[in-house]
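In: Give me a 3D structure for the following:
(chains A, B, C and D)
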There are 4 protein chains.
Amino acid sequence: MLVHKAAITAHNETHYAQHAKALAALKDRIADPERVIKLVQEFQVAIPSWALGTGGTRFGRFPGGGEPRSLEEKIEDVALLHRLNQGSGAISLHIPWDIPSNPKAIRELASSHGLRFDAVNSNTFQDQPGQAHSYKFGSLQHLNEQVRRQAIEHNMEVIRHGEALGSQALTVWLSDGSCFPGQLNFRKAFQRTLESLQEIYAALPKDWKMFVEYKAFEPNFYSMTVGDWGQSYLYASKLGPQAYTLVDLGHHLPNANIEQIVSLLLMEGKLAGFHFNDSKYGDDDLTVGSINPYQLFLIFNELVEGMDARGMNHAADLGWMIDASHNVKDPLEDLLQSVEAIRLAYAQALLVDQAALRQAQENNDVAAAQEILQEVYRTDLRPLVAEARLRSGGALRPLDLFREAGVRKALIAQRGYHAHTTGL
Amino acid sequence: MLVHKAAITAHNETHYAQHAKALAALKDRIADPERVIKLVQEFQVAIPSWALGTGGTRFGRFPGGGEPRSLEEKIEDVALLHRLNQGSGAISLHIPWDIPSNPKAIRELASSHGLRFDAVNSNTFQDQPGQAHSYKFGSLQHLNEQVRRQAIEHNMEVIRHGEALGSQALTVWLSDGSCFPGQLNFRKAFQRTLESLQEIYAALPKDWKMFVEYKAFEPNFYSMTVGDWGQSYLYASKLGPQAYTLVDLGHHLPNANIEQIVSLLLMEGKLAGFHFNDSKYGDDDLTVGSINPYQLFLIFNELVEGMDARGMNHAADLGWMIDASHNVKDPLEDLLQSVEAIRLAYAQALLVDQAALRQAQENNDVAAAQEILQEVYRTDLRPLVAEARLRSGGALRPLDLFREAGVRKALIAQRGYHAHTTGL
Amino acid sequence: MLVHKAAITAHNETHYAQHAKALAALKDRIADPERVIKLVQEFQVAIPSWALGTGGTRFGRFPGGGEPRSLEEKIEDVALLHRLNQGSGAISLHIPWDIPSNPKAIRELASSHGLRFDAVNSNTFQDQPGQAHSYKFGSLQHLNEQVRRQAIEHNMEVIRHGEALGSQALTVWLSDGSCFPGQLNFRKAFQRTLESLQEIYAALPKDWKMFVEYKAFEPNFYSMTVGDWGQSYLYASKLGPQAYTLVDLGHHLPNANIEQIVSLLLMEGKLAGFHFNDSKYGDDDLTVGSINPYQLFLIFNELVEGMDARGMNHAADLGWMIDASHNVKDPLEDLLQSVEAIRLAYAQALLVDQAALRQAQENNDVAAAQEILQEVYRTDLRPLVAEARLRSGGALRPLDLFREAGVRKALIAQRGYHAHTTGL
Amino acid sequence: MLVHKAAITAHNETHYAQHAKALAALKDRIADPERVIKLVQEFQVAIPSWALGTGGTRFGRFPGGGEPRSLEEKIEDVALLHRLNQGSGAISLHIPWDIPSNPKAIRELASSHGLRFDAVNSNTFQDQPGQAHSYKFGSLQHLNEQVRRQAIEHNMEVIRHGEALGSQALTVWLSDGSCFPGQLNFRKAFQRTLESLQEIYAALPKDWKMFVEYKAFEPNFYSMTVGDWGQSYLYASKLGPQAYTLVDLGHHLPNANIEQIVSLLLMEGKLAGFHFNDSKYGDDDLTVGSINPYQLFLIFNELVEGMDARGMNHAADLGWMIDASHNVKDPLEDLLQSVEAIRLAYAQALLVDQAALRQAQENNDVAAAQEILQEVYRTDLRPLVAEARLRSGGALRPLDLFREAGVRKALIAQRGYHAHTTGL
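Out: The predicted structure is shown next:
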């Protein structure tokens, strides 16, 4: 096991004095820091199993080294992240890339690291070797009933794998759509997709949720059959109370106001949760908070206000997952940066002076509303997030420790330079 | 009256031979041309009263001359367009810019020209002189109950004006929204807006429809409270069966697939109709079909297929209106070009070989589907549209005749160069 | 005079202890804070005369009250801002909205407040009363030589006004372009515009610069004749060494990487400076840093690195101007927020560890490069900016003092609620 | 050989009567049809060797069958297209995917089919097996001199392969750029890239051109080192007279006015030519003319007008290449559709009444300018393009004949269903 408890303790001792000073200064300035620290401690972000290896584009992929060669090694990687930041206590699996041969053992392995299994993800955007029918022209939307049947059964199988692992949600992201005008009848494609989803929904355990993810474009470049939040909402509301809309931050048209979408989905009780990432052009799948961290804060501001208005539990009532592609960074470092950005935005949102904001809104005092948001955004809240890590047993500076401990080098030594990550 | 019947007859005689030849050649090539001609004859596009003068931007406005100085003159202008193209048989009024002092006389005037009154439009995006409360921070969304009350009552007044004129729909376009993060609580703004709309809806005559228009941005530049089709659909479905979603072609984020939205709204029975225009960047309000005429055709293709699937009457069951701004062209010429583009796209859509398209879709024959669409799009169907005009008493070449008849010059002579169009 | 020196002193005394504590803590953490404070003190942002009143859109304008009714009052407003933040020591005039009847007196008035005149702006996007030729179809691009002549002479007149006031740059923003395909021959429009600019350039005093501003769209919605940085660069390089490209942050297509453009223009020695604002959709002209403050920091990071590489003086060698529209906020408050955001981003950029960043770049250590940028961005540097204000005689919290002092109320009392801002 | 001359003759006989009738009717209506037919005959579009197999996305690839397994088979496929449409008389190779083992034999094979070799394309966006240095962090921009050296030498090798085949241009498309802020110093990346390009340029035979292609994003998602036409122009003008800017229609930010870019590059004598495709969202690489055929026409309108103004030879003086990805269509059918769309747009542009357009422009008669463009765009010019094919020995309806002749089935029989296309 890389980066033992003792290494974390030693690291924290080195940095404690500086941290304590910064924390004390911050605590003087803000209201109820203990509440923020506690909530950040509870706030866990699921790591997707497919993000542990180097990602790529249609033009190429440039693997790093030491990538996980099995589900067990993927769990080890997430466990390592979680040891470091105590904020990655869940893993989101992708079927068929991560089918556990021994679910009980896998579950125990994860549990031994303090990890649970978040939403399981089906895959009908690729053909698997030996598959009877191709998804070239879609899966749940397909005109051929046999293709739909195959895709429905695949989703049911994913649910069964998830049940065996203790997961409680199925994420359905469909690449279904069309590349050219005329290719699809949109209405019929919607209806076939809805019927397929209804069959899957019927197979959902009673304590499960179905997350219907939408995406504006790619890999289909003319239409997507679950193309925006409005369409996902239509499916979810027709399906029933266990179905929700999943928001991936990179799945929108240019300039979309995502925070407003989030607020309205919460209002309707139909927000599933998130696939976090950041982007500049499309579904770029960049590190969370690397392009527009203020937008991330604004989204969390809607989340905190909206969840509180419904009496929801921040940590438990929505799905919090990363979905990113690590093309030029070490995947594990990238994930540490993403989790830090998410928790920082969450801490910022927790400290927005909601009463003052409400007052400013009631007065149409737009300048004051901006000041209230920027006051907290400009304040350096990293000590609170670090303290949350510290109290949970994590490292004050996870990325620094990851590097000092020579993790990547060790992983390459263990697994080889050309380790092949399942699924990538 | 400009451009008498006799002038049209003379014009048509000049051009008849060439037209007849082209029409005959076309009839040889296509199925059931008579059906297309008849349907195009029936298909009328409402002219908005605010589009009869020169439009502008925040940077400036450069009026032409001879613009209508009164509601009566606006009706005269639409009547002239309708005489020429026999496809502009309706007018869409904007209140308070077009409040009729004598509704009965106005209705008779319009009727004498073969015009009816399409949807009436309320205006809560500007303050009118002497208005008690300002819409600076919204109208139906406003935090102040008195402002909402004023806006609700304005909409009710618009309904009453519409009733007096025989209109049967109210278009509510709200500029409500916010310019900065924090300015609005999205959820509460939605709820206040919904409650306001519910009051207006309750005042709707039983045979009326309410059209809820959405817009992605402008004049608010951070959020719009009816910002996309999903939001408009939420309002419309909560309001009830008389409420529908109105699609303005320029009110979307970049790259939106409008035809898919149209198809799904039709599927849900919630499509109100259109504000036609074209655009390259935002709500540019350019001449219909001047930037991407193929997209216009694709939208009509969804409309024809979707309306037929629901057994709807093409001409009567949806609202067909232009909403454009004529900044650099003669407004009347611009409108002639827009109506021509709309009817041409409609004719193209009517001639899509739906059976073959269905077949291609069922075979996932994407190349064939494209061929089927492009076959009709590339065919020159202008003779059918011209024939529809001819049979209804219009001109074979409306724009040519408008110019030959010296209409603008005559209008300037009558109304002056610096005529002030009400509302602009 | 509103907000006297004494009021500022009293305000600062109230807030000093808290400020001093925060500053001391910050100084412990960062390298050479004195250098940053000094550079921020020197860094002045010009206020455009047109931003002192309420802005609007084509849909409406909702004025506040107490707006400046004359050039003198505009100077008073900028002087007030400058007293408060000691960072607005320049004013950028717009001709013909701000033609000084007595330039000497105006210059002395500004000077008495510590203000200088930055770039003067010509206006050929509107017709002025009594103007011989209309700019409906462009100005410097116009096909009619007389229109071009009029526009050229207007620009020369602007230069003369600027000379009288001690300005040293002319900003040429052209709304020239086209709304429809076919309207313009792009090549000939470029060449006519170039020839017109060459005449203006020839009239430029030897110590002046010409700033050629580009814009992607609006008010023309098909093409703009100076549409992007590449086009502006073409003009500027053909004109000669006194011509430069001006970057307005809101004048780009969606998703543009503005910081890269800035870096390359600096590399070519052709960057004029900035019109600062922020935007989500188009040229929204929102408060600087209100939508994507990280991008603003990234731009300043390029500026600092690039200017240092060329040995440039940060404060003096480029033009720093705000260009925003205050539709829903008090214009003066909005400007205080903008200047604060600009100086904060500048301070952040000054503290980027350039040596470490260079090292990370040389190692292709992308994660480290991100950490280096985010380390400084996440640090709360407001105490440095406040200290810069304090040392220069400004207020620790300009916006708070503006409000406490009841400035707007006093302005309304002085100037009336319906004061008409020249030019708006 | 599939689809012999005799099959084409038989096909043409079947369709001749209908074609002749349509052609005759068209000839009656338009000026100088013979000129158009002749120019369309001469106008040849190069087929890229990588477009002959099924393309894909990062999410998956769904191959069809019968794809070419060697360079020889790729040439056979292009030869087949050319036999059918007589408009695909060139092939654009990609190195290292298409390195000819026997260049002389390959050249003779191509020549025997009437094909020439258009621009050769280098590839530094992927790592090849056994490659010494990785392009993970760029090629010509790379910080490591050895990586740049490798990439420079690769480009020189590509030139040598091109020389052996009779090619006369090198297309350099660089995926170089960055995925995150801070990763690159833009200025230094530009300068290193320029220096690398200068070395390659120095190795260019005297009668060769270098095409510098730009792209806004993908596979790098923060910056591209040749990101827009302005940057490409900078490189090309610093390199010298043999360097030009290549326009790929899908490589722009949303809403870009490509036709204006084309016009200005022609004006500067720096337009290399095109990579044709169509797109809705990004570099979607869809069939030419499948999304916005009017824009394609507008681009050709600028080309014809601009080339004529410079006395250029339409067919010979620019590079005309397709660059598309065939994910859901038969690649050969897709290419037939693309070539047809290109030639149709070219024919439309040839028939624009330039004198009338110039007149309308001189009068600022915007409505007339639109009419002039739409008059020709709405006219069905397919008979002219078909006649050009017929006269050159091609098929009246290439796609129909391709299907009737059972080409795909035959190719699958010859090459197998799981044929692996080199490079994909």
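
In: which SS class is residue A:320?
Out: strand (DSSP: H, G, I helix; E, B strand; the rest coil).

In: and the residue of chain A found nearest chain B, how many neighbours?
Out: Among all residues of chain A, residue A:230 sits closest to chain B, at 2.4 Å; criterion: CB to the nearest CB. C-beta here means a position set from N, CA and C on the backbone, and glycine is covered the same way. Using other CB atoms under 10 Å in any protein chain shown, residue A:230 has 22 other residues around it.

In: quick one, what contacts it?
Out: Residue A:230 is in contact with B:228, B:229, B:230, B:231, B:233, counting by CB atoms under 8 Å, 6 or more residues apart in numbering or on different chains.

In: Quick check: it is in a strand.
Out: No: assessed with three-state DSSP, residue A:230 is helix; it does not lie in a strand.

In: still on that earlier bit, closest one of the contacts of residue A:230 to chain A?
Out: Each of those was checked against chain A using CB to the nearest CB; the closest is residue B:230, at 2.4 Å.

In: quick one: what helix or strand has residue A:159 in it?
Out: Using DSSP states H and E, residue A:159 sits within helix A:145-165.

In: Could you tell me what pLDDT the model assigned to the closest residue to residue A:162 other than its chain neighbours?
Out: Spatial nearest neighbour of residue A:162, chain neighbours left out: residue A:120 (3.7 Å); criterion: CB to CB, 6 or more residues apart in numbering or on different chains. Looking at residue A:120, its pLDDT reads 97.

In: So what's the residue count around residue A:120?
Out: 26.

In: Test my guess that it contacts residue A:91.
Out: No: Residue A:120 lies out of contact with residue A:91 (CB atoms under 8 Å); the separation is 10.0 Å.

In: what pLDDT does the residue of chain A closest to chain B get?
Out: 98.

In: Could you list the residues of the stretch 151-300 of chain A in contact with chain D?
Out: A:175, A:178-181, A:183, A:216-219, A:221-222, A:254, A:279-282, A:284, A:286-287, A:290-291 (CB under 8 Å from any CB of the partner chain).

In: same thing but 10 Å
Out: A:175, A:178-183, A:216-223, A:250, A:253-255, A:278-287, A:290-291 (CB under 10 Å from any CB of the partner chain).

In: Give me the subset of those that lies in strands.
Out: Secondary structure defined by DSSP state E assigns A:178, A:223 of these to strands.

In: ok, and of the residues of the stretch 151-300 of chain A next to chain D, which contact chain C?
Out: Applying CB under 10 Å from any CB to those, one finds that A:253, A:254, A:255, A:279, A:280, A:281, A:282, A:286, A:287, A:290, A:291 fall near chain C.

In: What does the fourth one show for phi and psi?
Out: I take that to be residue A:279. The phi and psi values for residue A:279, taken as degrees, to the nearest 10, are phi -160, psi 160.

In: quick revisit: can you list residues touching both of residue A:120 and residue A:91?
Out: Applying CB atoms under 10 Å, 6 or more residues apart in numbering or on different chains, one finds that residue A:120 and residue A:91 are jointly contacted by A:49, A:98, A:165, A:167.

In: So what pairs up with the closest residue in space to the third one that isn't next to it in sequence in the strands?
Out: Nearest non-adjacent residue to residue A:165, counting by CB to CB, 6+ apart: residue A:117, 4.3 Å away. The bridge-partner assignment for residue A:117, based on DSSP bridges, gives residue A:91.

In: Can you tell me what sits against the top helix by length along chain A?
Out: Secondary structure of chain A per DSSP state H: the longest helix is helix A:5-29. Helix A:5-29 is touched from outside by A:3-4, A:33-34, A:36-37, A:83-84, A:86, A:351, A:379-384, A:386-387, A:389-390, A:393-398, A:400-401, A:404-405, C:18, C:21-22, C:24-26, C:28-29, C:380, with contacts defined as CB under 10 Å, 6+ apart.

In: and with 8 Å instead?
Out: Taking CB under 8 Å, 6+ apart as the rule, helix A:5-29 contacts A:33, A:83-84, A:379-384, A:386-387, A:390, A:393-397, A:400-401, A:404-405, C:25.

In: Could you check how far that helix is from the centre of its chain?
Out: Distance, stretch centre to chain centre, for helix A:5-29: 28 Å (CA atoms, centre = their mean, to the nearest Å).

In: same deal with stretch A:326-333?
Out: Distance, stretch centre to chain centre, for stretch A:326-333: 16 Å (CA atoms, centre = their mean).

In: avg pLDDT for that stretch?
Out: The average pLDDT for stretch A:326-333 rounds to 97.

In: quick check, it touching chain C?
Out: Yes: contact of stretch A:326-333 with chain C (CB under 8 Å from any CB) involves A:328, A:329, A:330, A:333.

In: Kindly tell me how buried the first one is, as a neighbour count.
Out: Using other CB under 10 Å, residue A:328 is surrounded by 24 other residues.

In: what about residue A:108, how many neighbours?
Out: With other CB under 10 Å as criterion, residue A:108 counts 11.

In: Please name the residues that touch residue A:374.
Out: Applying CB under 8 Å, 6+ apart, one finds that residue A:374 lies in contact with residue C:289.

In: Residue A:85 too?
Out: Residue A:85 makes contact with A:336, A:339, A:340, A:389, A:394, A:395, A:398 under the criterion CB under 8 Å, 6+ apart.

In: Am I right that residue A:328 is in contact with residue D:135?
Out: No: checked against CB under 8 Å, the pair residue A:328 and residue D:135 is beyond contact range at 11.4 Å.

In: any common contacting residues for these two?
Out: With CB under 8 Å, 6+ apart as the test, residue A:328 and residue D:135 both reach residue A:62.

In: Tell me, how many residues neighbour the residue nearest to residue A:240 when sequence neighbours are not counted?
Out: In space, and not counting its chain neighbours, residue A:240 is closest to residue A:201: 6.4 Å by CB to CB, 6+ apart. Look at residue A:201: counted by other CB under 10 Å, it has 22 neighbours.

In: Now residue A:276, what are its backbone angles?
Out: Residue A:276 adopts backbone torsions of phi -80, psi 140, taken as degrees, to the nearest 10.

In: Now the stretch 301-424 of chain A against chain D: closest residue?
Out: Counting by CB to the nearest CB, the stretch 301-424 of chain A gets nearest chain D through residue A:328, at 4.9 Å.

In: For that residue, list the residues it contacts.
Out: With CB under 8 Å, 6+ apart, residue A:328 has these contacts: A:62, C:364, C:366, D:136, D:137, D:178, D:179, D:180, D:183.

In: do the same with residue A:267
Out: Neighbours of residue A:267 in contact, by CB under 8 Å, 6+ apart: A:306, B:187, B:190, B:191.

In: gap between it and residue B:137?
Out: 21 Å (CB to CB, to the nearest Å).

In: I'd guessed residue A:337 sits against residue C:369; true?
Out: No: with contact defined as CB under 8 Å, residue A:337 does not reach residue C:369; the gap is 11.3 Å.

In: how many other residues sit next to the nearest residue to residue A:143 once chain neighbours are set aside?
Out: Counting by CB to CB, 6+ apart, residue B:362 is the residue found nearest to residue A:143 once chain neighbours are left out, at 5.5 Å. For residue B:362, the neighbour count with other CB under 10 Å is 12.
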